[in-house]
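In: Let's see this in three dimensions:
(4 chains)
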Number of protein chains: 4
Amino acid sequence: MTGNKLRVAILGASGYTGAELVRLLSRHPHVTIVALTADRQAGKPASEVFPQLVLADLPNLTRIDEVDWSAVDFVFCCLPHGLTQEAVAKLPGHLRIVDLSADFRLTDLDAYATWYGHAHRAPELQQEAVYGLTEVNRDKVRKARLVANPGCYPTAAQLPLIPLLEAGLIVADDIIIDAKSGVTGAGRDAKQGSLYSEVTEGIHAYGIASHRHAPEIEQGLSEAAGKPVIVNFTPHLMPMSRGILSTIYVKLAPGATVDKLRAMLSERYKGEYFVRVLPNGAAPATRHVRGSNFVLMSVHADRVPGRAILMSVEDNLVKGASGQAVQNMNVMAGFPEETALEQLPLFP
Amino acid sequence: MTGNKLRVAILGASGYTGAELVRLLSRHPHVTIVALTADRQAGKPASEVFPQLVLADLPNLTRIDEVDWSAVDFVFCCLPHGLTQEAVAKLPGHLRIVDLSADFRLTDLDAYATWYGHAHRAPELQQEAVYGLTEVNRDKVRKARLVANPGCYPTAAQLPLIPLLEAGLIVADDIIIDAKSGVTGAGRDAKQGSLYSEVTEGIHAYGIASHRHAPEIEQGLSEAAGKPVIVNFTPHLMPMSRGILSTIYVKLAPGATVDKLRAMLSERYKGEYFVRVLPNGAAPATRHVRGSNFVLMSVHADRVPGRAILMSVEDNLVKGASGQAVQNMNVMAGFPEETALEQLPLFP
Amino acid sequence: MTGNKLRVAILGASGYTGAELVRLLSRHPHVTIVALTADRQAGKPASEVFPQLVLADLPNLTRIDEVDWSAVDFVFCCLPHGLTQEAVAKLPGHLRIVDLSADFRLTDLDAYATWYGHAHRAPELQQEAVYGLTEVNRDKVRKARLVANPGCYPTAAQLPLIPLLEAGLIVADDIIIDAKSGVTGAGRDAKQGSLYSEVTEGIHAYGIASHRHAPEIEQGLSEAAGKPVIVNFTPHLMPMSRGILSTIYVKLAPGATVDKLRAMLSERYKGEYFVRVLPNGAAPATRHVRGSNFVLMSVHADRVPGRAILMSVEDNLVKGASGQAVQNMNVMAGFPEETALEQLPLFP
Amino acid sequence: MTGNKLRVAILGASGYTGAELVRLLSRHPHVTIVALTADRQAGKPASEVFPQLVLADLPNLTRIDEVDWSAVDFVFCCLPHGLTQEAVAKLPGHLRIVDLSADFRLTDLDAYATWYGHAHRAPELQQEAVYGLTEVNRDKVRKARLVANPGCYPTAAQLPLIPLLEAGLIVADDIIIDAKSGVTGAGRDAKQGSLYSEVTEGIHAYGIASHRHAPEIEQGLSEAAGKPVIVNFTPHLMPMSRGILSTIYVKLAPGATVDKLRAMLSERYKGEYFVRVLPNGAAPATRHVRGSNFVLMSVHADRVPGRAILMSVEDNLVKGASGQAVQNMNVMAGFPEETALEQLPLFP
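Out: Sure, this is the predicted structure:
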């Protein structure tokens, strides 16, 4: 800390989550950004990579091995999946870290190896890391040195499902998550499938029954249900930059009703700044959380007896990535949790 | 018929389905458009309502009561739901009609009254009308005087489900249809919810458990299953003009497999020009049928044992409305079914 | 003022500029919103009109004649053009006002009558009002009771042109402003021309040689040039919600060079928080100011000898409307000018 | 020719112009596609590169050196700029060719070297090639062996300007072309700048005073004016896939009027199928030519005395590329010029 300011470094700052961290942290009263790394773009001003950042006062991009770690208190790691585990393993021990990759999210070593195709290269860190779904794991996050920031889809799916499974209000083996995401979820790499003309004015599903966020979701739901849970998780690519909507089809447990589900979620989240349960009849829209760290959720009756529909929306780059990362940093550093995250959504 | 040309009138031609009929019929070698009605815009050239039609040779818009029916052989009716039944009842008996509204789709008088809030005002026509899901009802369509053109969502949902229910390969009481549609489905009326800035870059569900296409879908599925079927049908509004994707979650019947489902659909549709079943591993995208009358469908394994995922895409204004209407006209008039509908999709 | 908070009312709060004021003011440390009026929606919670506002703590919508003006210090008026002049004339004298309509922008009574088709109904207020182009009229704004907030196009066009005309670096009678705007500039009223499917994936010009922002631009440029200036102003509608780009084609005055123009603008705006002149070679993009009050501008050489190209971008709802309105309020109230407007742009 | 069918090969078929040629030619009654080349994708079915082509009956992709030229009559060359000249030089002499690259558009060897940075590698072909702006050069195109298909921007700019310059109705040294294009103009290569999230909901200019279409435009205008013409050409990237709008600011020649300009263009193009001059007051929109080979143009008065505004729109992939290429093939082969190009635009 320098003059009460937490000195923050962002590793892998040239992607969308890095820029989003800068956007949010630039108005954080207790934080100063002291390093931005991007190995292939080292030496450039940040505004060359993200022209909108010409409006902020930022250090130039550097190589990760050029960072003076003695002048850094806190690290956000936005490196690609796979590279992250080794990079984090090399960081000095005084640093506290929120990692936005998938490298430390799965706690089961075998599950990691199965889904990622290789044994974890920093298994002790994998065991140490705390899964940073803030509203669920706040107490563990507070004391953590290394937080694995949740994936975008898993955040939107788990927030409504975990409390209902914990309360036994829904059946654990009949959960269908039809998820719809904006394109920034695919990152800033130049890929043909992410080109404007390939994405605009059309939709499709991808990663059907094979997306790596499935085991992450199942890990959280299994813990909540107290038994192994397998879900249908079907992601779809939407012609929009930001936003995730999860439409979740569930079976009511005996005695449960739609109203009980809604009441239960309302009660669970009533003290949470960032999670709002909508009243009966209202359905959430992604555009109503755009650019913000809020999650809106709702519960709906199904025409099919004994079933219900859950919906949740978030901005995948904020609550689904950089915003929740800042939220976790706030918790870890003892700042008010909503600091730098109070801005209302940008609509229209 | 005049000189071998079928003389066609389009009623309610100032909306999107009307313009789409003009687009398709303008290249039909056996059709001539002799009347376009739009009561509130009577007297205007068609190109004032749709500037792209400046490129076609078309009659001016007229009032419906000014049409000389003796010079008309065939009518496409694009009037609003509710108004249609009385308008169609007044048409001379020599006309053959494809109605694009919902007025004649439900065959059950009580179901109509329940979902539309009033008794049908032309019940005998409701009984006469043939439901024009061409690939399913071709023989009845051929001889029909009045065809009720299917809704956009029901077309996309029924084409994959009907054969599987008929074959008993899926369980009838566990069908979840997560449907995603472009904005043109809401028509051309000026509504705040359809404004560009309200729709772009965001998504939401609507009509949850209450959309009028649910009973239409259930009518077809019940007939296929041989017993009453109730489905979950959850439509979502997408930031795109055209296209519907149905992601359908089903439970396999005992003995059924994903491969059997795919093989069954491939066999069922192998002679159909407009319906294509994709090979294992491929998922359809709406942009790949844009502007065309094609339907692409696929079958996918689910990680949850005993379940499968079906997908189908169509252009809601073509196969989901005006294209299927032309297809039905071709069948009724004895033209080759694909006439004027062969154009490949417009992508990008 | 209550407890150091400026008590603010927003009249006509159900449109986009009203919602944008709420978004910006919700994080203003020295402001409290005490009234939101929308006559046709009186009684509703703000979140019924703008669901994203469920996240803010706001008064319900009321009728304008129900506001207790004794509890209000400051008014933002977002009423429609034409209605505004009479509404403002009725407001108590202790209120300070920023009016976002066009009613008080033209100082010449005849010009108003010519462009708006009727004599002004509050001519004394028209004379009193200060034109709130903050960077140009800051001193007058500071003392004003009534500020006419500039139009979106005029803000983007005047900021680069006024200094150059004042310095005599460009020729006054050869200015072509090719302006490109997002759809929110047309407001939230349900109009067919603003429907998603009418706007997406296409562009066109409108109001050619007849847009009411032309005389507003010319008024400012004439004052800067010291003689009457007539410009070519050609607005185009873009398939995007927010943003204006002005591409301005100018003729260099004798002795002027592109570098001199850029140096002059850089010097003029070097102390301004919200206006940035880009270095040689960089061109501004609207997405890089989205959601922010910043203006980026640039100067480019033209292949045609003796000519130059100016570009400027802004968010039409922020610097082009509600943001500049808050900026003016800050100036009028003596708050730091950037208060509540420091947030970086939202990109992607 | 085989059985009256022209046997066509498309070289470089994996890009957007290649796919667009397939779309258009698939309904051409006198053409059969016998070869599609794409060296890096050789062996794949066309539908793997463009899934919408699953609906057509097409040969697999091959390497260019595997084509049996004896079975080919006509070649469309969609290879990248620079590579094309050598590829075309190697083709057997019996082939007639429409080249869609920029390699043969400039007739001046020095201009080519200046703008492309190297001497032309097939200068004799450069001299032989006919510039395929069909409405201007139809007679030369008819007899040509090698046609250089015009660029997208040059087509939209030259069609309104050439007749006016030939007639001496506008001043040649004061032409400003503010051009706005969809993203497909940048091709299908994976580039960060073409990603959906970098393009959607925003606009910017690029290639200011340095775009290679400037000399191509100037070549045509100079010939029309009978003297060297230099223009301001400023292209802008639009958040849309298809479409170009040219807003052209011109100075009237002595004695010329806006009405004379419009009358002149109407007269010039009255027999042309694909070019329409709009009546006074109407402005063209790109969406009204989407997917079609049509060009709409208009002439408008300017508030600045002595000036006028021209507008033209086209689909950059059709009249700006593949459509005009087919039009040229039709002319070369003696087919009716509009064959396979009659389809009305796709709107909405």
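
In: CA only for contacts and neighbour counts going forward, please
Out: Fine.

In: Which SSE is immediately downstream of the lengthiest helix in chain A?
Out: The longest helix of chain A (DSSP state H) is helix A:152-166. Sequence-wise, the next helix or strand downstream of helix A:152-166 (DSSP states H and E) is strand A:176-181.

In: Just checking: what are the partner strands of that next one?
Out: Applying DSSP bridges, strand A:176-181 is found paired with strand A:232-237 (parallel), strand A:244-251 (antiparallel).

In: what does it contact?
Out: Here strand A:176-181 makes contact (C-alpha atoms under 8 Å, 6 or more residues apart in numbering or on different chains) with A:153, A:157, A:231-238, A:240, A:242-250, A:316, B:178.

In: ok, A:Ile64 - contacts?
Out: Neighbouring residues of A:Ile64 by C-alpha under 8 Å, 6+ apart: A:Leu11, A:Thr37, A:Ala38, A:Asp39.

In: same thing but at 7 Å, please
Out: Taking C-alpha atoms under 7 Å, 6 or more residues apart in numbering or on different chains, we find A:Ile64 in contact with A:Leu11, A:Thr37, A:Asp39.

In: A:Ala129 now?
Out: Contacts of A:Ala129 by C-alpha under 7 Å, 6+ apart are A:Phe104, A:Leu146, A:Val147, A:Ala148.

In: Pull up the per-residue confidence for the last one.
Out: At A:Ala148, the pLDDT value in this model is 98.

In: Which strand residues bridge it?
Out: Where A:Ala148 sits in a bridge, its partners, by DSSP bridges, are A:Asp99, A:Tyr131.

In: So what's the residue count around it?
Out: Other residues near A:Ala148 come to 27 when the count uses other C-alpha atoms under 10 Å in any protein chain shown.

In: now the second one
Out: A count of nearby residues for A:Leu146, using other C-alpha under 10 Å, gives 23.

In: pretty sure it is touching A:Leu100, no?
Out: No: here A:Leu146 lies out of contact with A:Leu100, judged by C-alpha atoms under 7 Å, at a distance of 10.8 Å.

In: now the helices: where do they sit in the stretch 51-200 of chain A?
Out: For the stretch 51-200 of chain A, applying DSSP state H, counting those that start in this stretch gives helices covering A:84-89, A:109-116, A:123-128, A:134-143, A:152-166, A:196-199.

In: So which elements touch the fourth one?
Out: Under the contact definition 3 or more C-alpha pairs under 7 Å, 6 or more residues apart in numbering or on different chains; DSSP states H and E, helix A:134-143 sits against helix A:323-333.

In: Please apply the same query to the second one.
Out: Based on contacts counted as 3+ C-alpha pairs under 7 Å, 6+ apart, there is no element that helix A:109-116 packs against.

In: For that helix, give the mean pLDDT please.
Out: On average, helix A:109-116 scores 93.

In: Report the contact partners of A:Pro150.
Out: Here A:Pro150 is in contact with A:Arg105, A:Tyr131, A:Gly132, A:Leu133 (criterion: C-alpha under 7 Å, 6+ apart).

In: Narrow those to those that are buried.
Out: Among the contacts of A:Pro150, those classed as buried by neighbour count (16 or more other C-alpha atoms under 10 Å in any protein chain shown) are A:Arg105, A:Tyr131, A:Gly132, A:Leu133.

In: For the third one, which non-adjacent residue is closest in space?
Out: Leaving aside its chain neighbours, A:Gly132 sits nearest to A:Asn149 (4.9 Å; criterion: C-alpha to C-alpha, 6 or more residues apart in numbering or on different chains).

In: so that neighbour touches A:Ile97, yeah?
Out: No: the criterion here is C-alpha under 7 Å, and A:Asn149 misses it with A:Ile97 at 9.8 Å.

In: Neighbour count for the two, which is higher?
Out: Neighbours were counted for A:Asn149 and for A:Ile97 using other C-alpha under 10 Å; A:Asn149 has more, 31 against 28.

In: Next one: that one from A:Tyr131, what distance?
Out: In this view, A:Asn149 and A:Tyr131 are 6 Å apart by C-alpha to C-alpha, to the nearest Å.

In: Look through the stretch 51-200 of chain A and state the residue closest to chain B.
Out: Here the residue of the stretch 51-200 of chain A nearest chain B is A:Ser197; by C-alpha to the nearest C-alpha that distance is 5.8 Å.

In: Next, count neighbours for that residue.
Out: Counted with other C-alpha under 10 Å, A:Ser197 comes out at 26.

In: And A:Glu66, by the same measure?
Out: For A:Glu66, using other C-alpha under 10 Å, the count is 11.

In: cool, and A:Leu261?
Out: Counted by other C-alpha under 10 Å, the residues lying close to A:Leu261 total 23.

In: mind checking pLDDT for it?
Out: pLDDT recorded at A:Leu261 is 98.

In: Quickly note the distance from it to A:Arg268.
Out: When C-alpha to C-alpha is applied, the distance between A:Leu261 and A:Arg268 equals 11 Å.

In: hmm, back to that, now for the buried ones among the contacts of A:Pro150, which pair is the farthest apart?
Out: Within the buried ones among the contacts of A:Pro150, A:Arg105 and A:Leu133 form the most distant pair, 10.3 Å apart (C-alpha to C-alpha).
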